[in-house]
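got a predicted structure plus its sequence, pasted below:
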Amino acid sequence: MGTTFRRGKAAAGLTAMAATALLAGLAMPATASAHGKEHGPGHGHEQSHGSTKDYHLTVMGTTDLHGSALNWDYFKNAEYDDSAHNDVGLAKVSTLVNQVRAEKGARNTLLVDAGDTIQGTSLAYYFAKVQPISRTTIHPMAAAMNAIGYDAAAVGNHEFNYGIPYLRTFEKQLDFPLLAANAINDTTGKPAFEPFVIKTVHPKNGKPVRVGILGLTNPGIAIWDKANVEGKMSFGGLVEQAKKYVPQMKKAGADVVLVAAHSGADTSSSYGDTLPFPENAATLVAQQVPGIDAILVGHAHQEIAKRVVTNEVTGKPVVLSEPLKWGERLTVFDFDLTFARGHWTVSSVDSTVRNSNAVPEDPKIVKMLAKDQEKVVTYVNGVIGTATEAMSAAPARYEDTAALDFINYVQADAVKAGLTGSDADLPVLSIAAPFNKDAAIPAGDISVRDVAGLYIYDNTLLGIKLTGAQVKAYLEKSAEYFKPVTGPGTYAADQVTNAVTPTAPTGTPDYNYDVMGGLDQPLTYDIDLTKPVGSRITGLSYGGTPVAADQEFVVAINNYRQSGGGNFPGVAGAPVVYNRQLEIRQLLIDWVSAHQVVDPALFSSTNPDWRLTAGTTPLTITP
């Protein structure tokens, strides 16, 4: 990948490959200020003390924007709100950024993102599938981030959901570099993206400060988007690549080293030991790689205002911060630097987060995206069918619901239609997770947004072969989601769901609990919460007959799960008998459009196919 100085704000940065040229003694053009041109006098903390100067640098950060440009909930067709009254979107972020620049002096600030930008909302889907971005169609996220003035962004794993060519088109639309030190082009063996960039910030008085920004992405891409990246890109460990590039950044003159890591702080892996590199490794990077001052954390969708980790080599503190998700927070890193003996050193680092719900949207961003927003809202509110009765996903975590039965029915039906040979004679099962407990199909008219709310991820559908023993083992893994109970009774949902496990130290997420159902015959089972993990599934039957250990099934499954996401047993190595790269959400929309009527009597029985029990006694679960 050749060295290029991008237009706009990216021109202010020294890329990793340009830095290599600089180390080799090649002449490089002088870099501009932090924002591509000189600003007027700032208001930063710049004080002179004889031969020593102190300087205050601020680096702002976002992560996991997931297609959130405006403060809008496309599934509710209203302004976004949740139980914590969070707001979302780049228009809100822009206001916060403008405030910080006004406080600190724009010349004394930088703005960085830690990845997962172009997937996650109906807006993101629309500009990937309905009206794909091109040379003439600019992605709303690119337009907004350029207008706000980002300086660099790490590549997230969801950047690959729509394929590498789509990602490259998005990349070309940005005025700043996408960074991923641990993404390797399989054809050339060279970095697939710039590993790092060095931004030059000019204090009002004093020597320029060079800020090195290293981008690290998630190794799990090799699993989650295997179909899009296999044979094209490989993804190494975060620690290993940081150890390689941080010294290069130092040699290239970086006074400050910031890492934008699309990897959670608390070390864990949803894919277990399927890969040799952990999914969430930001803390390990801070501990094991000397020379880093701060890490902007992403991927885990958690709020970390400030966490201090001690580097095991130098004994120096490294500050970590994660600004939640979707633009709900803005991280603000404050670096105090001291100039002595000809160079800058970082004397202290602090970090805080600012809440988007405390400010209005930036009208400039809202106006700029108004036409795009109108297109998407019109699309998602289009009526495509009717439902004979309402279906809610709210209780899907703890009881059999028609909403998840519908997903399983459409998935299994699509897989069965695509089977050939002897596989076409096998019984078909399907798995679905309660992704969105706020989703609901109303009685009467159904819109695109109603259906899309049932399936909020852009997963694709596969069919794999499992034995009866593997089906049971899969369900036992899924049942780890539940906390134990002592006996029959009534329990609140939170008392039995989201159990803490070694791979889910903050609680098993809803998306890692799967319900399994049969297509032509019901798959029935109890989950006995009085029994230990691994022995909870009882009465497993297909069509009323106990499932035999050697019985063969085809299971409709999403690409995230099939490729190892959640570390479910027997899945990653199972024979794949169906894979047409069809998105499940679109399959649901297409099914409703084709059939016009959604009637739960078609796919959901009056008696539950599965239930939570204490022994043989059903539990009563309240919301």
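Everything's here; your move.

show me how this protein divides into domains.
Listed by automatic domain parsing, the domain ranges of the chain are 57-376, 382-622.

determine which stretch of the ones you listed is the most buried.
Counting by mean count of other Cβ atoms under 10 Å, domain 57-376 has the highest mean neighbour count of the domains of the chain, with a mean of 21. For every residue, glycine as well, the C-beta is placed using N, CA and C.

just the endpoints, please. Distance across that domain?
Terminal residues of domain 57-376 are spaced 39 Å apart (Cα to Cα, to the nearest Å).

could you tell me the end-to-end distance of stretch 213-230?
Note: stretch 213-230 ends 28 Å apart using Cα to Cα.

that older thread, as JSON lines, the domains of the chain with mean pLDDT would be great.
Formatted as JSON lines, those follow (pLDDT from 0 to 100):
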{"stretch": "domain 57-376", "mean pLDDT": "96"}
{"stretch": "domain 382-622", "mean pLDDT": "95"}
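
for the closest residue in space to Asn381 that isn't next to it in sequence, give me its contacts.
Sequence neighbours aside, Ser447 is the residue nearest to Asn381 in space, at 5.2 Å (criterion: Cβ to Cβ, 6 or more residues apart in numbering). By Cβ atoms under 8 Å, 6 or more residues apart in numbering, the residues touching Ser447 are Val380, Asn381, Gly382, Val383, Ile384.

Val383 now?
By Cβ under 8 Å, 6+ apart, the contact set of Val383 is Asp445, Ile446, Ser447.

the first one is in what secondary structure piece?
Applying DSSP states H and E as the criterion places Asp445 in strand 444-447.

for that strand, the distance to its chain's centre please.
30 Å (Cα atoms, centre = their mean, to the nearest Å).

and the helix or strand that that strand is followed by, what does it pack against?
Moving toward the C-terminus from strand 444-447, the next helix or strand (DSSP H and E) is helix 448-452. Counting contacts by 3 or more Cβ pairs under 8 Å, 6 or more residues apart in numbering; DSSP states H and E, helix 448-452 packs against helix 122-125, helix 370-380, strand 440-441, helix 584-595.

which residues does helix 448-452 contact?
With Cβ under 8 Å, 6+ apart as the criterion, helix 448-452 contacts 74-75, 77, 122, 125, 379-382, 384, 440-442, 585, 588-589, 592.

hmm, 7 Å instead?
Here helix 448-452 makes contact (Cβ atoms under 7 Å, 6 or more residues apart in numbering) with 74-75, 77, 122, 379-382, 384, 441-442, 585, 588-589, 592.

I'd say Leu612 and Ile527 touch.
Yes: counting by Cβ atoms under 7 Å, Ile527 is a contact partner of Leu612 at 5.2 Å.

which strand or helix spans Asp116?
Following DSSP H and E, there is no helix or strand that holds Asp116.

residue contacts, the closest residue to it other than its chain neighbours?
Setting aside the residues directly before and after it, Asp116 is nearest to Gly156 in space (Cβ to Cβ, 6+ apart), at 3.3 Å. Gly156 makes contacts with Gly115, Asp116, Thr117, Thr217, His262, Gly298, His299, as judged by Cβ under 7 Å, 6+ apart.

please, where are all the strands along the stretch 151-300 of the chain?
For the stretch 151-300 of the chain, the strands defined by DSSP state E, counting those that start in this stretch cover 152-154, 178-179, 183-185, 196-201, 209-216, 233-235, 256-261, 294-297.

off-centre distance for stretch 302-322?
Counting by Cα atoms, centre = their mean, stretch 302-322 is centred 22 Å from the centre of its parent chain.

tell me where the stretch 301-450 of the chain has helices.
363-368, 370-380, 402-418, 448-452 (DSSP state H, counting those that start in this stretch).

let's have the strands of the stretch 151-300 of the chain in a markdown table, adding distance to Glu171.
Compiled in a markdown table, those are given as follows (distance: least, Cβ to Cβ, whole Å):
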| stretch | distance to Glu171 |
| --- | --- |
| strand 152-154 | 10 |
| strand 178-179 | 5 |
| strand 183-185 | 12 |
| strand 196-201 | 14 |
| strand 209-216 | 12 |
| strand 233-235 | 13 |
| strand 256-261 | 15 |
| strand 294-297 | 19 |
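
can you report phi and psi for the residue lying closest to Ala390 once chain neighbours are set aside?
Nearest non-adjacent residue to Ala390, counting by Cβ to Cβ, 6+ apart: Ala443, 4.6 Å away. The phi/psi pair for Ala443 (degrees, to the nearest 10) reads phi -70, psi 140.

is it correct that Ala443 is in contact with Thr386?
No: assessed by Cβ under 7 Å, Ala443 is found out of contact with Thr386, at 8.3 Å.

overlap of the contact sets of those two?
Common neighbours of Ala443 and Thr386 (Cβ under 7 Å, 6+ apart) do not exist.

quick one: the residue nearest to Asp116 and Gly89, what's the gap?
17 Å (Cβ to Cβ, to the nearest Å).

also Pro502?
Relative to Gly89, Pro502 is positioned 35 Å away (Cβ to Cβ).

which stretches of the stretch 451-600 of the chain form strands?
Ranges of strands within the stretch 451-600 of the chain are 460-467, 490-492, 515-518, 523-528, 537-542, 545-546, 552-558, 576-583, 597-598, based on DSSP E, counting those that start in this stretch.

strands paired with the fifth one, and their directions?
Spelled out, that is strand 537-542. strand 523-528 (antiparallel), strand 545-546 (antiparallel) (DSSP bridges).

let's have these in JSON lines, adding distance to Ala492.
Formatted as JSON lines, the strands paired with strand 537-542 follow (distance: least, Cβ to Cβ, whole Å):
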{"stretch": "strand 523-528", "distance to Ala492": "17"}
{"stretch": "strand 545-546", "distance to Ala492": "33"}
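
as TSV, the helices of the stretch 301-450 of the chain with distance to Ser321 would be great.
Below are these laid out as TSV (distance: least, Cβ to Cβ, whole Å):
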stretch	distance to Ser321
helix 363-368	24
helix 370-380	30
helix 402-418	36
helix 448-452	32
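
quick one: closest of those helices to Gly566.
Nearest to Gly566, of all the helices of the stretch 301-450 of the chain, is helix 402-418, at 16.4 Å by Cβ to Cβ.

can you say which of the strands of the stretch 151-300 of the chain is nearest to Asp405?
Using Cβ to Cβ, the strands of the stretch 151-300 of the chain put strand 233-235 closest to Asp405, at 36.4 Å.

what residues does the closest one touch?
Residues contacting strand 233-235 (Cβ under 7 Å, 6+ apart): Asn182, Ala183, Ile184, Asn185, Asp186, Ala192, Thr217, Pro219, Ile221, Ala222.

mind redoing it with 8 Å?
Here strand 233-235 makes contact (Cβ under 8 Å, 6+ apart) with 164, 182-186, 192, 217-222, 229, 277.

which ones among those residues map onto helices?
If you go by DSSP state H, the contacts of strand 233-235 have Ile164, Ile221, Ala222, Val229 in helices.

for the residues you listed, work out which two are farthest apart.
Going by Cβ to Cβ, the pair spanning the ones in helices among the contacts of strand 233-235 furthest: Ile164 and Ala222, at 13.2 Å.

got any residues that touch both of those two?
In contact with both Ile164 and Ala222: Val229, using Cβ under 8 Å, 6+ apart.
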